[in-house]
Every structure is written in C-alpha cells, then in structure tokens.
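Engineer: Make a model of this:
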Amino acid sequence: MSDVGFSHIGGPTVLIEFAGWRLLTDPTFDPPGRRYTFGWGTSSRKLTGPAIAPADLPPIDAVLLTHDHHADNLDDVGRALLPAAGTVITTVSGARRLGGDTHGLRPGQNHHLRTGDKPPITITATPARHGPPLSRPISGDVIGFALTWPGQANGPLWITGDTVAYPAVRTAARALRPGTILLHLGAVRFPHTGPLRYTMAAADALDLLDGLTPTTVLPVHYEGWTHFTENRAGITRALDQFPADLARPFTWLPFGRTHHLTV
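Structural biologist: Numbering: from 1, shown residues only. Below you'll find the predicted structure:
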C-alpha cells in the first residue's frame, strides 16, 4: 500500500509526496494578472496565483514537465525553480530547449528514479496531442507520465498531460490500466481558433475512461486562466449528466492543502 500526498498548487501544478519522494508537476508560480501568448495569435490571462508559494516548497526530487512551451504549464517563476530540482523530465524537444541535465522522453520511453532507501520509480512517457488532428507542428510536443513503484495498491499513477482524447492516448490508457489519474481538463479554446479544443472537456474524459476502472480521478488544469472554458462548476454539471458510477472516482483536490490517498 502506498500513502501518497497530493497538494494542488494551481492549474496543472501538483506536489506529490510519498515514501520520502517529492515530485512536482508542471511548475506554475507566477502571480495573476499577466497575459501570455501561446503562438499563432492565441493568448490567455492568468487569473489566480499559486496556492503555495515557491519559498514554502520542500526540496524537490524531480519535476515532471508535460511540456515547456506554454506558460500555463511552465511559467517564469516555475522555470527558475528547475535548476534546484534533482531531476527534470519532459519531452525530447523540451529537453533540447531547457538544456542542462533535463531528460527528454518520447512516448513509451522510461526514466528510472532511484536514490537511497526510497522505492524506485519507473516513469514512462505516455502519448498526448495538444489539439485537433495535424495540430502538433503548431501546438508542439506534449507527453503524459505513468508512474509505477513497488507496493502500489491500485495500479499506476497516470498524469495525462494536456491532451485531447484520441486513439493513441486511448490505447495507452487501456494498456496502462491506471489506478489513480491526474486528469488535465479545462476544455481549452481560443477565440482566434473558433470551436477547436486543445484539452479535454469532462465528456471527453469520460469517453477516454470508458472501460477503465480507476480508483481515483483527480481533475487539474481547469481553473485560473481565461482560456479554460470548463471550470469546476461546468465539469460537475457535465458529470451529473452521466451515470453515477462513471463520475464516482472524481475527487477534487483542495488548493494549498495536502490530500492523502492510497495509490
């Protein structure tokens, strides 16, 4: 059995703590108010700041960065934290841009974290597509992460990354059979690109999870920015339209406080 603490800091940023490990996902710590450009005429304004200040973070063993080129996944303050992190894992293209000892993974590739008496963690990159078909040259490379370690009670921990539901990610999810999922939602859209979506809405996520039996689904990446078109209230309304057994695993992490789960 693994007791894991999840602290939702904001957006996709979560501190994951277990057995002496401290992992940080997609570091975003800039204050609110600024507008950021995402390329090709798209932009978004940050509405809320982090629930935990960078100075209050413990030493970080590894940063799991789904992609480095969008400020809602890695902002200026988050970027400044990377040199002090023990390990940074991201996409291959992101590793080239970040340089240093950053480890780049393609979907299906592994990285192993080992140190002292802590249980070894195998981190496997999972596929993600940050937009409609053929959008990758514009929206850039993104990956998710599957984490496995000895003693997990419910199966792998899966961090989906910013993705839409599409065949490769469905295939990966069915092969992985995750027990706990950090689910990137938000139904990202931009006025400039009309109805095109760049992350999943709740209905897409339920379609992705159809046939899977996760114990816990933890929504992240759904608030704090103007390009998120489905917030917690919208996700809840969408879940209410589906059978209760599909929505039951969804758990809302409190901001700035640690929520413990068996993983």
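
Engineer: What residues does Pro107 make contact with?
Structural biologist: With contact taken as C-beta atoms under 8 Å, 6 or more residues apart in numbering, Pro107 is in contact with Ala125, Thr126, Pro127, Ala128, Ile143, Ala168, Ala172. From N, CA and C alone the C-beta is placed, and that goes for glycine too.

Engineer: Relative to Ser44, which of those residues is nearest.
Structural biologist: Ala128 (18.9 Å; C-beta to C-beta).

Engineer: ok, the residue nearest to that closest one when sequence neighbours are not counted - how many residues close by?
Structural biologist: Leaving aside its chain neighbours, Ala128 sits nearest to Thr163 (3.6 Å; criterion: C-beta to C-beta, 6 or more residues apart in numbering). If you count neighbours by other C-beta atoms under 10 Å, Thr163 ends up with 25.

Engineer: Which secondary structure element of the protein has the lowest mean pLDDT?
Structural biologist: Here the helix or strand of the chain ranked lowest by mean pLDDT, DSSP states H and E is helix 244-247, holding a mean of 75.

Engineer: for that helix, packing partners?
Structural biologist: helix 202-209, helix 232-240 (3 or more C-beta pairs under 8 Å, 6 or more residues apart in numbering; DSSP states H and E).

Engineer: Give me the local confidence score for Pro150.
Structural biologist: On the pLDDT scale, Pro150 is placed at 96.

Engineer: since we're on His192, how many residues are nearby?
Structural biologist: Residues near His192, counting by other C-beta under 10 Å: 11.

Engineer: Ser139 versus that one, what's the distance?
Structural biologist: Look at His192 and Ser139: by C-beta to C-beta, to the nearest Å, they are 13 Å apart.

Engineer: Show the contacting residues for His260.
Structural biologist: Residues in contact with His260, defined by C-beta under 8 Å, 6+ apart, are Asp3, Val4, Gly5, Phe6.

Engineer: Neighbour-wise, which one of the contacts of Pro107 leads?
Structural biologist: Neighbour-wise, the contacts of Pro107 (other C-beta under 10 Å) top out at Ile143, 29 neighbours.

Engineer: Identify the residues contacting it.
Structural biologist: Applying C-beta under 8 Å, 6+ apart, the residues near Ile143 are Thr66, His67, Thr90, Thr91, Leu105, Arg106, Pro107, Ala125, Thr126, Pro127, Ala128, Gly161.

Engineer: Same check on Ile159?
Structural biologist: So, once contact is read as C-beta under 8 Å, 6+ apart, Ile159 ends up touching Thr25, Leu64, Thr66, Gly144, Phe145, Ala146, Leu147, Ile181, Leu182, His184.

Engineer: So which of those residues belong to strands?
Structural biologist: Thr25, Leu64, Gly144, Phe145, Ala146, Leu147, Ile181, Leu182, His184 (DSSP state E).

Engineer: Where do the helices of this structure begin and end?
Structural biologist: 76-81, 92-98, 136-139, 167-176, 202-209, 232-240, 244-247 (DSSP state H).

Engineer: any chance of the ones in strands among the contacts of Ile159 in CSV, plus distance to Leu157?
Structural biologist: Formatted as CSV, the ones in strands among the contacts of Ile159 follow (distance: C-beta to C-beta, whole Å):
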residue, distance to Leu157
Thr25, 11
Leu64, 10
Gly144, 11
Phe145, 8
Ala146, 7
Leu147, 4
Ile181, 8
Leu182, 7
His184, 14
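
Engineer: Could you work out the most separated pair of these?
Structural biologist: So, the ones in strands among the contacts of Ile159 by C-beta to C-beta: farthest apart are Leu147 and His184, at 15.3 Å.

Engineer: neighbour-wise, which of these two wins?
Structural biologist: His184 (28 against 24).

Engineer: tally of neighbours for the nearest residue to Asp61 once chain neighbours are set aside?
Structural biologist: Once flanking residues are discounted, Asp61 sits nearest to Gly86: 4.6 Å by C-beta to C-beta, 6+ apart. Neighbourhood size, Gly86 [other C-beta under 10 Å]: 15.

Engineer: One more: Leu98?
Structural biologist: Neighbour count of Leu98, defined by other C-beta under 10 Å: 19.

Engineer: Contacts only, for it.
Structural biologist: Taking C-beta under 8 Å, 6+ apart as the criterion, Leu98 is in contact with Asp68, Leu82, Val88, Thr90.
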